[in-house]
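Visitor: I'll drop the sequence and a predicted model, then ask my questions.
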Amino acid sequence: MKKSMLIFSAVILLLASCKRNESEQLSGESISLSKNGALSLANTPAAAPNTFKVFDQILFYDGYAATVTGPVPAQVTRISNSKYVKKLSATDLSKLSNSLDIKVSITPYCDNYDRIGSVGLSFIPKNSAFSESIGKHIEVGRFITPFMDKNKTPNVTPYLFSVNNVANILRDANVLTTYDIYVVFNLFGVPYAAQNEISGCGGHNETFYGTVEFINKSGGLILQQQYR
């Protein structure tokens, strides 16, 4: 009896080891669908990072005033006091999955009124300087700020846009070969009321801080169509 129990235990351990090896082998693979409908296994790239920031607390200024000349973060271009652009690098684009959200976060500085803003994409011919007069431009999301006071909390307003259709464009090989892709962040505001109504805003022309994040949504195994 004791010998039988030892043999039984050894078999259980062997089966468990095989199952673990099978699981470890499948962890780097996904299910793909061939043209005739048969399922097969194919290696997949590493999972994309969950999130990365395109703009991080970028500062907007009086939309009616002359464009300020202060420094901006690396790779960011100030088009006007109310508009910034940034080209998505090859590294940025490689982080994108086919399931994508764009999150915009707005913090008031010295504009306490409701303003309209947007986030969009510009497709500029490869290796050309950014210009609003060339290429193709699309608005991805539009938002309106609430009345806010920088001295009161909560003082961050988030907006979330589900843009899976946009993710497919950003992963399209023909698009990436033809265009450089810029994220456009626009928020027009003025500080005039806040200069008189909000403590600490006298003489200031700053309006809002804004952040734009790209968020990959995790999704299980991906079915990939294979053609012969």
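Guide: In hand now; what should we look at? Numbers count the residues shown, from 1 in each chain.

Visitor: CA atoms for contacts and neighbours, from now on please.
Guide: OK.

Visitor: Contacts for stretch 52-72, please.
Guide: Applying C-alpha atoms under 8 Å, 6 or more residues apart in numbering, the contact partners of stretch 52-72 are 78, 80-83, 86, 88, 183, 187-191, 205-215.

Visitor: Which of those residues fall in strands?
Guide: 78, 80, 83, 86, 183, 187, 206-215 (DSSP state E).

Visitor: and which of these is nearest to Ile116?
Guide: Using C-alpha to C-alpha, Leu187 comes nearest to Ile116 of the ones in strands among the contacts of stretch 52-72, at 6.3 Å.

Visitor: Quick check: closest non-adjacent residue to Cys213.
Guide: Let me fix one detail, which is that residue 213 is Glu and not Cys. Spatial nearest neighbour of Glu213, excluding adjacent residues (C-alpha to C-alpha, 6 or more residues apart in numbering): Lys53 at 4.3 Å.

Visitor: and the one you found, that one's in a helix?
Guide: No - under the criterion used here (DSSP: H, G, I helix; E, B strand; the rest coil), Lys53 is strand, not part of a helix.

Visitor: got a pLDDT number for it?
Guide: Looking at Lys53, its pLDDT stands at 95.

Visitor: repeat for Asp172
Guide: We have a pLDDT of 92 for Asp172.

Visitor: Count the neighbours of Thr69 for me.
Guide: Thr69 has 9 neighbours, counted by other C-alpha atoms under 10 Å.

Visitor: how far away is it from Ile215?
Guide: Applying C-alpha to C-alpha, to the nearest Å, the value for Thr69 to Ile215 is 31 Å.

Visitor: again with Pro191
Guide: For Pro191, the distance to Ile215 equals 31 Å [C-alpha to C-alpha].

Visitor: who has more neighbours, the two?
Guide: More crowded of Pro191 and Ile215, by other C-alpha under 10 Å: Pro191, with 26 against 23.

Visitor: I'm done for today, thanks for sticking with me.
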